Each structure stands twice: as C-alpha cells, then as structure tokens.
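Visitor: sequence first, predicted model second:
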Amino acid sequence: MPAVSKGDGMRGLAVFISDIRNCKSKEAEIKRINKELANIRSKFKGDKALDGYSKKKYVCKLLFIFLLGHDIDFGHMEAVNLLSSNRYTEKQIGYLFISVLVNSNSELIRLINNAIKNDLASRNPTFMGLALHCIANVGSREMAEAFAGEIPKILVAGDTMDSVKQSAALCLLRLYRTSPDLVPMGDWTSRVVHLLNDQHLGVVTAATSLITTLAQKNPEEFKTSVSLAVSRLSRIVTSASTDLQDYTYYFVPAPWLSVKLLRLLQCYPPPEDPAVRGRLTECLETILNKAQEPPKSKKVQHSNAKNAVLFEAISLIIHHDSEPNLLVRACNQLGQFLQHRETNLRYLALESMCTLASSEFSHEAVKTHIETVINALKTERDVSVRQRAVDLLYAMCDRSNAQQIVAEMLNYLETADYSIREEIVLKVAILAEKYAVDYTWYVDTILNLIRIAGDYVSEEVWYRVIQIVINRDDVQGYAAKTVFEALQAPACHENLVKVGGYILGEFGNLIAGDPRSSPLIQFNLLHSKFHLCSVPTRALLLSTYIKFVNLFPEIKTTIQDVLRSDSQLKNADVELQQRAVEYLRLSTIASTDILATVLEEMPPFPERESSILAKLKKKKGPGTVTDLEEIKKERSSDMNGSAEPTSVNSTPSPSADLLGLGAAPLTNSAPPPSSSGSLLVDVFSDSASAVAPLAPGSDDNFASPDLASSEVVSEEPADTVHDADELFHKFVCKNNGVLFENQLLQIGLKSEFRQNLGRMFIFYGNKTSTQFLNFTPTFLCLNLQTKPVDPTVDGGAQVQQVVNIECVSDFMEAPILNIQFRYGGTFQNLSVKLPITLNKFFQPTEMSSQDFFQRWKQLSNPKQEVQNIFKAKHPMDAEITKAKIIGFGSALLEEVDPNPANFVGAGIIHTKTTQIGCLLRLEPNLQAQMYRLTLRTSKEAVSQRLCELLSEQF
C-alpha cells in the first residue's frame, strides 16, 4: 500500500469522532450528527468546487455516521467521483463507501462499473486490487454480469502481479458462489489449474480455494489439478519449516494451503496413475508420521495447525477408502485423541472415527476403543462430545458387541440430555432389531426403552415390537409374560400400556394357565390403567377387551358390564362411544363361531420397508447427493422407508429375518399362517415392495454370459468405467462403499447378506448441476421385476433402489448393472459388475482344532482342493489379514493351526438347494513376501471360485 502523505490524516474527521464520543446523551449525539450532516450537505451543494481531500473527508464522515446506525441519503455521487482520482487514499475511501452503502439497484451502478473497468485496465496493481476488492465485497449479480468475463483473463495473464492474481482468484470465487451461471467456463480453466505450480504460495492458496469450488460442480474440467495438487502437497510436507519461512506458522509449513489441497483431492476418487497415487500415499504417511513426532513448540497455535492438517489428511484417507494400512493407522492415531485434555480434539476424533467405522479395513481397529468411548459417554461434560460418542457406538456396533453397546446406551439414556434422547431411542431400537439373535432380548430391550424414556419412544418403535412379536411364534408367550409383569408397576408409561394391551389381546391366552396371570387378573390389570390414558389408548384397550371376550369366555360378563357402563356408552368422545356400543352389541348377539372368526389372531404382517430408520434419517436432515458419503459413515445396512424399492424375484422363505433381507411374500398370495415366521418389516410404513416369485425352473439366480467387468456401448461416445475390476474386488471383503464414480455419476452400495438371502441398496448420485433424463438402470443376467426409479434425476440429487437377493445355487459370474441416461443431450450408457459374489452367502462356523483337521482330512479328494501360491500385492499385516478373512465371510479360527503365523477359517455357503462346507488355510511367508492359500470344499468349482476371489485380496 502506498505511504499516506502528510495532510491525509483528516484532522476534521478526528475532531468529529472525538465530539461524538464526548456526547453525554443520545440526544446530544443526534444533535451533533444533524449539525454535521447539514454542514456536509451545504458543502456538497455549494458553488465552490471541493478538492479531493475535502470530498474524501466528508465522505468518510458520512460513512462513520452510517456505521453509527443513521440513514445516509446523499453523498453517493461524491463517492463515485472519488473513484476517478489518481490518489490512492481518495480512491480507497470512494471504494469503501460504495462497498458499504451502494446497493445493486442503485442508478449509479453504471458509473461505478465504468470506474472499475478503468482501474482494471490501468495495469496499476494497487488500483486493480481496490477494484477487485470492491467487486468481491458487493458481489451482486450485476457485478457478475459486468466482470465475470474479465476477471479470468486477469487471473491467467502472464504479466499480472502476484498480489493481483490473489485478489482476482478470490474475487472470481465470490462471483461464482453468488452467480455460478454467469461465470463462463473456457480456455482459462485449463490455465488456472497451472497456478498450483506458481512460485508464490499466496497465489497457490487463493487458486486452490477457487479450483476446489469449481471442481465440485465441474470435476472433468479440473481433473488435471489432482496430479498438480499432489505434487505441491508433497513439496510442502517434505520441506523443513525453514524452507517456507513466510508461510510457516509455528513450525508447521503452510498449514492453510495443505488443508486446502487435501480438500481439493477429496473432490476426486483415488488417482489412477500409480506414480501419483504412490506419491500421495507417501504424503499421507508423512503427515501421519509428523503428527507422532514430539511437538516443536508448546504453543497452542502449533498443535492447532498440526492437528488441522492431520484431520484433513484422515478425511482424505477415509474418502478414498482404498489403503488398509493408512485406514488402520488413522484409526490408531485418532484413538490417542480420545483421552486428550482438549475438548475440541476429543470431539473431532470421535467424529472422524464414526466415519472410519464404516470401512471394512478399519472397523475392527475402531472397535478396540469401545471402552474409551463408553467412558466418554459417562464422564464427558460437553453434551456435543457425548452425542458424538453415541454416534460412534452406533457406527461401531456389530453382532459381537451389540448387547454391550445397547446396554450402555440404555444406561446413558436415563441421564441423557433431553435434546438427544429421541435420537438415542431410535438408535437403540434399530440396533436391538438389527442384531437380535435372541428375540427375547429384543423384547426386553424395547420394553426397557419404553420404561426409561417412554416420552421419546415414537409410534414407529412400539409398532415394530408388536409386529415382530406377531410374526415370531417362539417369542409370543415370552412377550405376553414380560409385558404382564411390566404392567404391574405402579406407574407405567402410556406406550407400555399400548404394547401390553395389544400383545395381551392377541396372546394373553398363552399365559392364562398360570394362576398369577389368569384372564380376570389380566383384564383387571389393564383396566386399572384405563382412566389414566389418552383417548387413542383407551380405544386400543376397548379393542383388547373384545378380544378377551373371544379368548376368555369366562370373563365375558365382566367385560360386558364395563362396556355397558355410562362412562363408555355415554362417553363424550365419539370414537370411544361407538366402539363401546358396537363391541357390546357384538359380544351379545354373535355366536361363538362368529366371534372366533371376527376376532381371530392377527396374521403375520406383509413385508414393507422399515420406518424407524427413515425417522432417524429425517432427524439428521434431508438427503442430497452428499448422502452417498453416508454409505461410508453408516456401516450398518439400514433401510430407508422413503426409498424406491426394487426386489429380486424370490420365493417365500421360512427363515425369520428381522431386517426383511430375505425373499418377499408373493404379491397376490393370501397371508401366510402365523406359524410361518415370515419376514418381519414395518406394517405401518407408507409403501410396500413390489415383488414376485422366482420363475419356475430357474436353477441359477446369478447365471450370466461371460461379460467384461466394465462394458460401455453407446449411440454416442460415453464414459468408460475405469478400474472396474479393482473396485469390484474391493467389495469382496466389504459390503458398503462407492462402487463407481466419474465426473457425472456416483454409484454407492450398502448391502447385507444372511444365509442364502441378501438385500442391496444402490444409490445413484447426480454430481452435476444438470438433470439426468430417461435414467434407466437395468440388471443383466438376473430375473428381476423392478419398480422403476424416477427417470429424472435432478442435479445434486440422488435416487435409491433396493434389490432383494436369493442365492438359488452356486454361481461363478457376478450380475451386471447397466445404466442409460441422457446428460446435456448426450446419450450415456455404462455397465458395471455388481459385487454379488459367492462368498457373500458364507455363514461363519466355529470349530475346534480336532474338528477342523478331521473335516480337513475328509475333504482330501484332489478335486475338492484348490491351492494358489502368489506374491503379496499389499503390505503383509496380520491384523489387516484377519479383518479381510472375517470380511470374506468365514470364521477366523484361533489356535487351530500348529503354526501361529498361519490363518485358518471355516464357513458354510448357503444356497436354496444345498449347503457347501468350506475350509481355508492361508500361510504367509514374510521373508519371500508370498502367500500360499488352500481351500477345500465339497465342490471343485466352488473351491476354485473362492480361491480366485480371496487371492485378489492379498
């Protein structure tokens, strides 16, 4: 900035400000301001022309008066005149006044724009900087229309000074954020990327902010920035703090630029070029290593800068989800922050670990910190940190720790903050249902939930427990006994009365043989709660009473007396009065057979999507294309009740399935009998799946021709699916993640498999700002009847399909997903393999050492064994190997192999027609960096296929 010359101190302004500060009252201040306004107005209207200094002084006074909260209705023209001055201080005050007081509808905008154009064309860096700052500060649509085409030229011009380039980049960023449609993409886009190589780090920092925002909307235009960003990041993280002296902040080299570069890289999938990818991995490893080094300063600024870079690097590692070593290391380093004295670091660590829990590679590492997280839940003072601890427990939950986590959440619920109780209730209900091996535990958990936090238990939760009890014969008696005991408490929540009334009305006969729960005692217990309940609950209890008339004829008279009482027949509520009259009449005139028919036990509920999880997602906010990243944040295969269902043709299965992952019932068939244990889903959800039976005679639900893993056929050139095999193989040992991503489309998957059944959620995300038209996903080599997804996918939105899967017999080839749509008039057609592989239908089997080797010897036929000796493709880490074998689907058997360095596993492949036992043995040779993998199953083709799939993982 030029030096302020003598005489620019504006003594008159200083005196005026001093007078205002010395005013003893508001009235005195207003009087002094009005006097000054009158003086300024007379000076502006006087015949004598004011010099530049006087204009500047009076405009400054007006600006000060405006900032005190008073309206200014004159002086704008004088401020505009200052823009034409050749003195810096006068021009600066003119731009400052305009930035603060002139609105976009002003008649002076044309004059202002002309002055700005003159300054931009002057090539005077000081004047250009003032003009660019004014454009950015005003940031109106009119400014964008006038200068959006000029600023990119200034930015990429070879003779533009560094300070002006910085201002131009940030000014263009401001205009793009306010009016993205007015910023033209052109030749400058390829040139602006090369600013990442600029010698001036200030220019690089400003350019990175601009490119990151532009790349989010136009990724293809800026994909060359990836290699340049990796190169620049590498130079920063490997440099000593003395190398970048002007940009080193408390011994951390260029932390702001490092964070911006890491965020830019999160706009793209992992680099395809092995050299670039290797260099990026080295950068991330260096950042993780530096975070472990002793601090070079005790100042908080040093630790803040270092941790900012570390957390952004971990976000990139999670986004790529492709390097097991980095994921596990990131998890371990975050674990160290869980007990840090700084609250903000504990919060960030918990938040990042929630995301890491989604990865198959780091999930086990996250679980090792469960005790620390539970302790945080109990001892943290900050409610936001406790909420993140709840989120992490929810994310790390699986079948091995579900009961412990649910118990801890229930304990915390008793003292939890009111603002998060409903969310915790929903999460407990989801986890209890998802991982319920013993349904009696599920019933106990939900009833305990109602007891502890009944006010926060929504209808979706207690509807669900009723549905599950009705669809499960083996839990009905236990549920009736448990709710009967729970209702004996002096104070019961109304939701418990609803559940008790419904279940006893259906299954009270199962406990009526016990004198302690005789029919009359059941009725008196429920009726003792009647007068305390709301109208909807009383209506439900009246329905229970008429059910009792059918179940227990011996108390029919007692129930009729209650229905006949004036409090029922003359009730002010029409609904209660009508029920009482109709139920009384029904019990009086109907024969026993008619009563038994009308009041028979409820049939099992048909399959529909769960609404509990839909309610939880609604609390988290509306879904956009960014929700595809939730695939990585939510490890559990949740069902979203609001999504478009798409079902695989399948036959009803007798196996119970809380998540509804198995086959759906026939669309036109009668409801199955109550003993069938049909699939359990939410009867109260808004939409049901459209399903149909498997075509008769279909022997192989996954039969497919020999197609390449990525196949693109198009009327016009379309995008090729890059690295499809690599992405496909990543899903062999995990169920969730991003299957495919290019500049237009992102395809995410969430899936879960149980025995021979599975359910897969496919998310299609439009990454552009333009609609996809005629969007049609089809499945090749699978018999499917699908409810079509919306053919129009808005820019930045996502649509979802649900695929129900049944493995009919063993198969070799994966099904193909073909997607066709029109984007900007161009026909797009791409195909990718769906990661539905034979190992997905594994059920782990625990075996002792003796049983394992006995079975191993039984499978000694040469055709039953397949062996493969291969070179390790990834670092040979024992923990990662264990995680991959478990993710593959088999049980990892400890202390079975005589050599403790070896890994052995056992499991059963479930198909509709048969079950195929499988034993595997993996022998690592660390010195030679080799593996020997041996698989034995009863079918040669299965052994061969499983060996091929598992070998690719190491």
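Guide: Great, that's in hand.
Visitor: for this structure, which residues score under the pLDDT cut-off?
Guide: Where the chain drops to pLDDT under 70, the residues are 1-9, 47, 104-106, 240-243, 245, 606-727, 781-788.
Visitor: number of residues surrounding the residue lying closest to G186 once chain neighbours are set aside?
Guide: Leaving aside its sequence neighbours, G186 sits nearest to P152 (C-beta to C-beta, 6 or more residues apart in numbering; 7.3 Å). C-betas here are computed from N, CA, C, even on glycine. Neighbour count for P152, taken as other C-beta atoms under 10 Å: 23.
Visitor: for the helix or strand containing P152, packing partners?
Guide: Remark: P152 resides in helix 151-156, with elements defined by DSSP states H and E. Secondary-structure packing of helix 151-156 (3 or more C-beta pairs under 8 Å, 6 or more residues apart in numbering; DSSP states H and E): helix 125-138, helix 162-178, helix 188-193.
Visitor: residue ranges of the helices in the stretch 501-650 of the chain, please?
Guide: 519-527, 535-551, 556-564, 566-569, 574-589, 592-598, 612-620, 630-633 (DSSP state H, counting those that start in this stretch).
Visitor: kindly report the same for the stretch 851-954 of the chain.
Guide: 878-888, 940-951.
Visitor: kindly report the same for the stretch 351-500 of the chain.
Guide: Under the criterion DSSP H, counting those that start in this stretch, the stretch 351-500 of the chain contains helices at 363-367, 370-379, 383-396, 402-413, 418-434, 439-453, 459-471, 473-487, 494-507.
Visitor: nearest to I555, of the ones you listed?
Guide: Smallest distance to I555 across these (C-beta to C-beta): 12.6 Å, for helix 494-507.
Visitor: can you list contacts of that closest one?
Guide: 446-447, 450-451, 454, 457, 462, 465-466, 469-470, 476-477, 479-480, 483-484, 486-487, 492, 522, 526, 529, 532-534, 537, 540-541, 543-544, 547-548, 551, 601-602 (C-beta atoms under 8 Å, 6 or more residues apart in numbering).
Visitor: gap between it and the chain center?
Guide: Remark: helix 494-507 is offset 36 Å from the chain centroid, using C-alpha atoms, centre = their mean, to the nearest Å.
Visitor: begin at 46 from now on, thanks
Guide: Sure, I'll start numbering at 46, so the last one becomes helix 539-552.
Visitor: export that helix as PDB, just CAs?
Guide: Taking only C-alpha atoms (Å, rounded to 0.1, in the frame of the first residue of the first chain), the coordinates of helix 539-552 have been written out as PDB:
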ATOM      1  CA  GLU A 539     -48.700 -45.000  28.200                       C
ATOM      2  CA  ASN A 540     -46.700 -46.500  25.400                       C
ATOM      3  CA  LEU A 541     -46.200 -49.600  27.700                       C
ATOM      4  CA  VAL A 542     -49.900 -49.800  28.200                       C
ATOM      5  CA  LYS A 543     -50.400 -49.700  24.400                       C
ATOM      6  CA  VAL A 544     -47.900 -52.500  23.800                       C
ATOM      7  CA  GLY A 545     -49.300 -54.500  26.800                       C
ATOM      8  CA  GLY A 546     -52.900 -54.100  25.600                       C
ATOM      9  CA  TYR A 547     -52.100 -55.200  22.000                       C
ATOM     10  CA  ILE A 548     -49.900 -58.200  23.000                       C
ATOM     11  CA  LEU A 549     -52.200 -59.500  25.800                       C
ATOM     12  CA  GLY A 550     -55.200 -59.100  23.500                       C
ATOM     13  CA  GLU A 551     -53.500 -61.300  20.900                       C
ATOM     14  CA  PHE A 552     -51.600 -63.800  23.100                       C
END
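Visitor: which helix or which strand is home to the residue nearest to V282 when sequence neighbours are not counted?
Guide: Counting by C-beta to C-beta, 6+ apart, the nearest residue to V282 once its immediate chain neighbours are dropped is T331, at 4.8 Å. If you go by DSSP H and E, T331 is part of helix 319-337.
Visitor: which strands or helices does that helix pack on?
Guide: Partner elements for helix 319-337 (3+ C-beta pairs under 8 Å, 6+ apart): helix 270-282, helix 345-365, helix 369-382.
Visitor: a markdown table please, covering the helices and strands packed on helix 196-201 and showing distance to N811.
Guide: Putting the helices and strands packed on helix 196-201 into a markdown table (distance: least, C-beta to C-beta, whole Å) gives the following:
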| stretch | distance to N811 |
| --- | --- |
| helix 170-183 | 30 |
| helix 207-223 | 20 |
| helix 233-238 | 21 |
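Visitor: if I pick Y457, what's in contact with it?
Guide: Y457 touches L422, K423, R431, V435, I469, counting by C-beta under 8 Å, 6+ apart.
Visitor: show me which of those residues are buried.
Guide: Neighbour-count burial within these applies to L422, R431, V435, I469; the criterion is 16 or more other C-beta atoms under 10 Å.
Visitor: redo these as JSON lines? Include distance to M975.
Guide: Listed next are the buried ones among the contacts of Y457 as JSON lines, based on distance: C-beta to C-beta, whole Å:
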{"residue": "L422", "distance to M975": "45"}
{"residue": "R431", "distance to M975": "48"}
{"residue": "V435", "distance to M975": "45"}
{"residue": "I469", "distance to M975": "49"}
